[in-house]
Each structure stands twice: as structure tokens, then as C-alpha cells.
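> Sequence and predicted model, in that order:
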Amino acid sequence: MDERTIVLRLALALLLGGLLGLERELRGHDAGLRTHLLVCLGSCLFTLVSISAGQSMSGPVPSGVEADITRIASQVVVGIGFLGGGAILRHGTSIRGLTTAANLWLTASVGLAAGMGFFFGAAVTVGFALLVLVGLRPVERLIEGFRNRHGIAKDPRGDSEEPPVR
């Protein structure tokens with residue numbers, strides 16, 4: 001992989017991660033623009049390192065040495081879970097930060113995709129994510145209004161199967 005390709009992939013990760021982070025930043029979330037830029041950029045670099053390691057092992061491989069470029073990607077997924085867990089906060093009976101944690105997880109996948117050269121998939125994913133993050137806000141407001149009019153409380157326990165206690 002040449003230097004131009006590396007810079008292009010890192011720049012695309014920066015751009016796409018920035019779009020996702022900008023939406024969070026505009027909404028006033030702690031994990032905003034800079035956090036999303038760094039997650040996407042870091043995921044992309046881990047992917048590029050993984051690809052580079054796989055390419056350097058393409059010749060005769062010494063006995064007992066294996067190269068699996070998917071192992072770094074899987075560790076990025078595990079590591080981002082730790083970061084996302086830090087974004088989830090409990091305030092009394094409500095939980096905040098789930099969308100931001102999910103967005104960080106998605107941002108890492110965009111960085112991985114950009115690093116692999118899967119530009120179309122990365123760009124379409126960001127487009128769909130922005131549609132979900134921005135476009136569904138009016139739908140959420142409608143649902144909230146419906147719940148308020150009908151006296152349906154939001155379940156503070158999240159996705160519990162049992163109805164909330166009133």
C-alpha cells in the first residue's frame with residue numbers, strides 16, 4: 001500500500017467520523033466532534049496496520065507464524081465497547097448516553113471500513129446514521145407526545161419486558 005492510499009483512507013475516516021461527531025457535538029454531548037474523529041481515525045489506522053502486517057507476511061512465512069488481519073479489527077470492536085461503556089451514565093432511574101455509545105461503536109466500524117478501502121460502505125453507513133440521528137428526532141417527539149397524551153410512562157429500566165410501575 002503506497003503513502004497516497006494511506007493518507008486518502010485516513011482522510012476519509014477523518015471526514016466521515018467528523019460528520020458523526022459533529023451531530024453529537026451540536027446536540028451538546030460530551031463524546032462529540034473530537035472524540036468521534038479520534039475513534040474513527042484510530043480505527044482506520046489499526047486497520048491499515050493490520051493490512052500492512054498481512055502484506056508483509058505475504059512471502060514465505062516462517063514455521064509457526066500466522067498472520068490474520070481480522071484479529072486487530074476484532075480487538076478494535078472489543079476496545080470500543082470499553083469506550084462506549086464510559087459514555088453510558090445513570091441519572092436516578094434513567095440511563096443516558098446509549099445513543100452516543102452506539103454512535104461511537106458505529107464510528108469505529110466506519111474507520112475500519114475506510115481503512116480496508118470499503119469507501120462506499122463507509123459513506124453510505126454515515127449517511128444512514130445521520131438519517132437516524134437527525135431525521136428520526138421528529139418521530140421521537142411524536143411518540144413522546146403520544147405517550148404523554150395517553151399517560152404512558154417511559155420505562156426507566158430500558159428494555160424490560162414488564163410494564164413500568166406507576
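Good, I have the coordinates.
> Break down this structure into its helices, ranges please.
Counting by DSSP state H, the segments of the chain that form helices are 3-26, 33-56, 70-87, 98-116, 119-130, 137-149.
> tell me what the first one is packed against?
When you say that, I think you mean helix 3-26. When contacts are defined as 3 or more CB pairs under 8 Å, 6 or more residues apart in numbering; DSSP states H and E, helix 3-26 packs onto helix 33-56, helix 98-116, helix 119-130. Quick note: C-beta positions are derived from backbone N, CA and C, even for glycine.
> Could you pull out the buried residues of stretch 91-105?
Within stretch 91-105, the residues scored as buried using 16 or more other CB atoms under 10 Å are 97, 100-105.
> try stretch 16-30
Buried-residue list, stretch 16-30, by 16+ other CB under 10 Å: 16-21, 23-25, 29.
> Repeat that for stretch 126-142.
126, 129, 133.
> need those residues in JSON lines with distance to residue 152, can you?
JSON lines is the format used below for these (distance: CB to CB, whole Å):
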{"residue": "126", "distance to residue 152": "34"}
{"residue": "129", "distance to residue 152": "28"}
{"residue": "133", "distance to residue 152": "24"}
